[in-house]
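Chemist: 3D model of this:
(chains A and B, ligands or ions: 4)
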Amino acid sequence: MAPIIQSTQPWVEKYRPKQVKDVAHQEEVVRVLTNTLETGSCPHMLFYGPPGTGKTTTALAIAHQLFGPELYKSRVLELNASDDRGINVVRTKIKDFAAVAVGTNQRKNGYPCPPYKIIVLDEADSMTEDAQNALRRTMETYSKVTRFFFICNYISRIIEPLASRCAKFRFKPLTEEIMSSRILYICKEEGIYLDAEGLSTLSTISQGDLRRAITYLQSAARLFGSSISSKDLISVSGIVPAEVVEALLKACKSGNFDLANKEVNNFIAEGYPVSQMLTQLFEAIVEENDISDEQKARISKKLGEADKCLVDGADEYLQLLGVVSITIQALCNMPEGFAY
Amino acid sequence: MLWVDKYRPKTLDHVMVHSDTAQNLKKLVSEHDCPHLLFYGPSGSGKKTLIMALLRQMFGPGAEKVKVENRAWKVDAGSRSIDLELTTLSSANHIEMTPSDAGFQDRYIVQEIIKEMAKNRPIDTKGKKGFKVLVLNDVDKLSREAQHSLRRTMEKYSAYCRLILCCNSSSRVTEAIRSRCLNVRVNAPSEEQIVDVLQFIGKKEGLQLPSSFAARIAEKSNRNLRRAILSFETCRVQQYPFTDKQTISPMDWEEYVSEIASDIMKEQSPKRLFQVRGKLYELLINCIPPEIILKRLLYELLRKLDAELKHEVCHWAAYYEHRMRLGQKAIFHIEAFVAKFMSVYKSFLIATFG
Ligand SMILES: Nc1ncnc2c1ncn2[C@@H]1O[C@H](COP(=O)(O)OP(=O)(O)OP(=O)(O)O)[C@@H](O)[C@H]1O
Ligand SMILES: Nc1ncnc2c1ncn2[C@@H]1O[C@H](COP(=O)(O)OP(=O)(O)OP(=O)(O)O)[C@@H](O)[C@H]1O
Ligand SMILES: [Mg+2]
Ligand SMILES: [Mg+2]
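Modeler: Numbers count the residues shown, from 1 in each chain, chains lettered A, B, ... in the order given. Ligands and ions are numbered 1, 2, ... in the order given. Below is the predicted model of the structure:
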């Protein structure tokens, strides 16, 4: 028989805080929920904010702390985008779960066990508007015996009637300081050496997303051993090396279309993500001293358009070529618009 | 067996290109807590080869004993149930599939299969629990919904199932998924590396391969290793012993696109547009992907055009390809590009030559 590879948790899971008090940097929600642990009272909640800032972690932690492992299954329903959450599911599954009565308030095995159930709707921004509307009624009908936790990245995708029924908490991107201290903690636990430069690189490239930082750290540790440098982290992060960005910019400055086209072809063959290139090209151009504001504006406008097209699924080569073409035209002060 | 399959390296120690990556992957498996992986890079660069070798490293030769199945799922979606069918390739320890083949219902496939795998977790005699690997091809073609539904699943079931995702265009994979994976970039091999692979195959086949001829095949392949090996085999069939001057014929469809480019440079008229439409249909019927046609057409045009016009034409190519992505009928947008080109080119001719 084929050997079985023993599974161990990825670090992201291993270092997911189990208690609300261990969630870093989100003081406001931690304060409210600490209060909940004491009094048992809890409003409907809406957590929103960028990826990897602790939303799912917080919701799961409070649910576990309120009910403990024994009651968890019967009291907490977690639905995320991997479950079908069409309008019918909302009608049946959530109703069925909410409708079964719970006993009165009694502490069990040291857990508060307040007399309601919790329904966690993770990634709620991917629910259809119809399904969200169907939820309104359900929320009202069972408001005595259920608490809803909505979690999303974009609050604008949650319909107003739902949002207004909840206490809203914005999860902030983690600061570099907090990131650094979490990362150092993990390094210590895992026996990894990361120098100061590496640490600051990791905090910068993860842009406030701790999940990303942990994934990069684990990847680098697996690939390059227990001593990790800044370069190792860059190579696992999908960031385009600075030389490559410079080479493309230089080709644009030459004003030679064919040369620039060749550079674009090369870039695509190297397999870097074009969306990442656009971000870095933007940073490079904004910082460049010998490009005028007007030229910068013209290029930035095109970068924005191309980025949108990529999100729509447009071809990476054609979009980058389009950006490069406009950059050449801007740098050579060719008139805007088309001649023919 | 075709040479591309016959000479596909089977183990991480035997790959001829990307050997650094291969060694890194080996380290990754030796520690048992490997994260989810996302392989990305251009077509024919060797992603699949690395993934297969990686699976073998994980599970031994058993990973190659795969069976192809046409599997059907019945997915319960509230009031109705949806029937889905998809081809899967599976061994005792892994399943491979291309969920985007299910079209807009790809989301259900992704949801079902992972939960199913979580239920049938492999357990060995000592009661130790293992994980299975799910290989998903073309994740850049997955719908947004399917990508969203992967997010939490990747976390929730991470103890049961590791994902290996594979795609060409990583910009189309959402940030949320990319940040949950170890990203493995597989760049296109350089021309020199391609020559080495060709020489290796030549030697194994007992052929005399002049180095200048090998270099020409590599150059024409556009750094696509699969394509280089395929055209090497074609040349072998066409003429052996090889000569330095031997022609390397381009693919039929490329010649066809080249003809279209000449057609529209020669005459810009509704009649010509009509003729070109027939040719475009022909290409589409033969399953050449529309964006490949458009890019090739641009390539041909850029070779012939005046520097002055290049900016304008590449702008319109990008413009119509984007619209094609949003729309449903590819032919409309390719044709619109051709018409636009004719109009631009004609104005240019009139302005220049009167
Ligand atoms: N505030 C935080 N304090 C401590 N650890 C955190 C925090 N935020 C994120 N993490 C770490 O990052 C991982 C991912 O966090 P989590 O799943 O809570 O993110 P999320 O906000 O739900 O993101 P998404 O919007 O992508 O679902 C956790 O496992 C944990 O290790
Ligand atoms: N590391 C390697 N060493 C030698 N030959 C290789 C290597 N990788 C790939 N090849 C050859 O190149 C061919 C194409 O590689 P592969 O199928 O892995 O490409 P791919 O990246 O999956 O492409 P696509 O994106 O088009 O599916 C293989 O059939 C094999 O013959
Ligand atoms: Mg989450
Ligand atoms: Mg492949």
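
Chemist: switch to C-alpha atoms for all contacts and neighbour counts from now on
Modeler: Will do.

Chemist: For chain B, what is the nearest residue in the stretch 1-150 of chain A?
Modeler: Going by C-alpha to the nearest C-alpha, chain B is nearest to A:Ser82 of the stretch 1-150 of chain A, at 4.0 Å.

Chemist: mind listing what that residue touches?
Modeler: Going by C-alpha atoms under 8 Å, 6 or more residues apart in numbering or on different chains, A:Ser82 touches B:Gln111, B:His148, B:Ser149, B:Leu150, B:Arg151, B:Arg152, B:Thr153.

Chemist: change it to 7 Å
Modeler: B:Gln111, B:Ser149, B:Leu150, B:Arg152, B:Thr153 (C-alpha atoms under 7 Å, 6 or more residues apart in numbering or on different chains).

Chemist: dump the residue contacts of the first one.
Modeler: The reference is to B:Gln111. A:Ser82, A:Asp83, B:Ser149.

Chemist: which secondary structure element contains it?
Modeler: Under the criterion of DSSP states H and E, B:Gln111 resides in helix B:106-119.

Chemist: Only the C-alpha atoms, please, for that helix, written as PDB.
Modeler: Only the C-alpha atoms of helix B:106-119 are listed here, as PDB (Å, rounded to 0.1, in the frame of the first residue of the first chain):
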ATOM      1  CA  ASP B 106     -17.800  24.800 -11.400                       C
ATOM      2  CA  ARG B 107     -18.500  26.000  -7.900                       C
ATOM      3  CA  TYR B 108     -20.600  22.900  -7.000                       C
ATOM      4  CA  ILE B 109     -17.800  20.600  -8.200                       C
ATOM      5  CA  VAL B 110     -15.200  22.300  -6.000                       C
ATOM      6  CA  GLN B 111     -17.500  22.300  -3.000                       C
ATOM      7  CA  GLU B 112     -18.600  18.700  -3.400                       C
ATOM      8  CA  ILE B 113     -15.300  17.100  -4.100                       C
ATOM      9  CA  ILE B 114     -13.400  18.600  -1.200                       C
ATOM     10  CA  LYS B 115     -16.100  17.600   1.300                       C
ATOM     11  CA  GLU B 116     -16.200  14.100  -0.200                       C
ATOM     12  CA  MET B 117     -12.400  13.800   0.200                       C
ATOM     13  CA  ALA B 118     -12.600  15.000   3.800                       C
ATOM     14  CA  LYS B 119     -15.000  12.200   4.500                       C
END
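
Chemist: Would you pull up the residue in chain B closest to chain A?
Modeler: The nearest approach of chain B to chain A comes at B:Ser149, 4.0 Å away (C-alpha to the nearest C-alpha).

Chemist: Counting neighbours, what do you get for the residue in the stretch 151-300 of chain A that ligand 1 sits nearest to?
Modeler: Closest to ligand 1 within the stretch 151-300 of chain A is A:Arg211: 3.8 Å, counting by C-alpha to the nearest ligand atom. Residues near A:Arg211, counting by other C-alpha atoms under 10 Å in any protein chain shown, number 22.

Chemist: for B:Leu25, same thing?
Modeler: 21.

Chemist: immediately after the helix or strand encompassing it, which helix or strand?
Modeler: Element membership for B:Leu25 (DSSP H and E) is helix B:19-30. Next helix or strand after helix B:19-30 toward the C-terminus (DSSP H and E): strand B:37-40.

Chemist: pLDDT on that following strand, on average?
Modeler: On average, the pLDDT along strand B:37-40 is 94.

Chemist: go on, stretch B:284-297?
Modeler: 95.

Chemist: So is it next to ligand 2?
Modeler: No. Judged by C-alpha under 6 Å from any ligand atom, stretch B:284-297 stays clear of ligand 2, getting no closer than 12.9 Å.

Chemist: chain center to that stretch: distance?
Modeler: Relative to the chain's own centre, stretch B:284-297 is displaced by 14 Å; criterion: C-alpha atoms, centre = their mean, to the nearest Å.

Chemist: Next, the residues that contact that stretch from outside, please.
Modeler: The contact list for stretch B:284-297 (C-alpha under 7 Å, 6+ apart) reads B:Val257, B:Ala261, B:Glu321, B:Ala330, B:Ile334.

Chemist: re earlier: wait, which of the contacts of B:Gln111 is closest to ligand 2?
Modeler: Closest approach to ligand 2 among the contacts of B:Gln111 (C-alpha to the nearest ligand atom): B:Ser149, at 23.8 Å.

Chemist: For the closest one, which non-adjacent residue is closest in space?
Modeler: Leaving aside its chain neighbours, B:Ser149 sits nearest to A:Ser82 (4.0 Å; criterion: C-alpha to C-alpha, 6 or more residues apart in numbering or on different chains).

Chemist: which residues sit in contact with A:Cys187?
Modeler: A:Tyr193.

Chemist: Please apply the same query to the one 5 residues further on.
Modeler: For A:Ile192, the contacting residues are A:Ser226, A:Ser227, taking C-alpha under 7 Å, 6+ apart as the criterion.

Chemist: And it, how far from A:Ser230?
Modeler: With distances taken as C-alpha to C-alpha, to the nearest Å, A:Ile192 is found 13 Å from A:Ser230.

Chemist: Likewise for A:Leu71?
Modeler: Between A:Leu71 and A:Ser230 the computed distance is 45 Å (C-alpha to C-alpha).

Chemist: So between the two, which is more surrounded?
Modeler: Just comparing A:Leu71 and A:Ser230: by other C-alpha under 10 Å the higher neighbour count belongs to A:Ser230, 17 against 14.

Chemist: Do I have it right that that one meets A:Ser200?
Modeler: No. The pair A:Ser230 / A:Ser200 is not scored as a contact, 8.3 Å apart, by C-alpha atoms under 7 Å.

Chemist: A:Phe169 in helix, strand or coil?
Modeler: strand (DSSP: H, G, I helix; E, B strand; the rest coil).

Chemist: For the residue nearest to it when sequence neighbours are not counted, what is the enclosing helix or strand?
Modeler: Once flanking residues are discounted, A:Phe169 sits nearest to A:Phe47: 5.0 Å by C-alpha to C-alpha, 6+ apart. In this structure, A:Phe47 sits in strand A:45-48 according to DSSP H and E.

Chemist: same thing with B:Tyr320?
Modeler: In this assignment (DSSP H and E), B:Tyr320 forms part of helix B:307-326.

Chemist: what packs against that helix?
Modeler: Packing partners of helix B:307-326 (3 or more C-alpha pairs under 7 Å, 6 or more residues apart in numbering or on different chains; DSSP states H and E): helix A:316-331, helix B:290-304, helix B:330-353.

Chemist: residues near residue 96, how many?
Modeler: Assuming you mean chain A. Residues near A:Asp96, counting by other C-alpha under 10 Å: 11.

Chemist: ah, no, chain B please
Modeler: Neighbours of B:Glu96 (other C-alpha under 10 Å): 20.

Chemist: what's the answer for B:Glu300, then?
Modeler: 18.

Chemist: now swap in B:Cys314 and tell me
Modeler: Counted with other C-alpha under 10 Å, the neighbours of B:Cys314 add up to 20.
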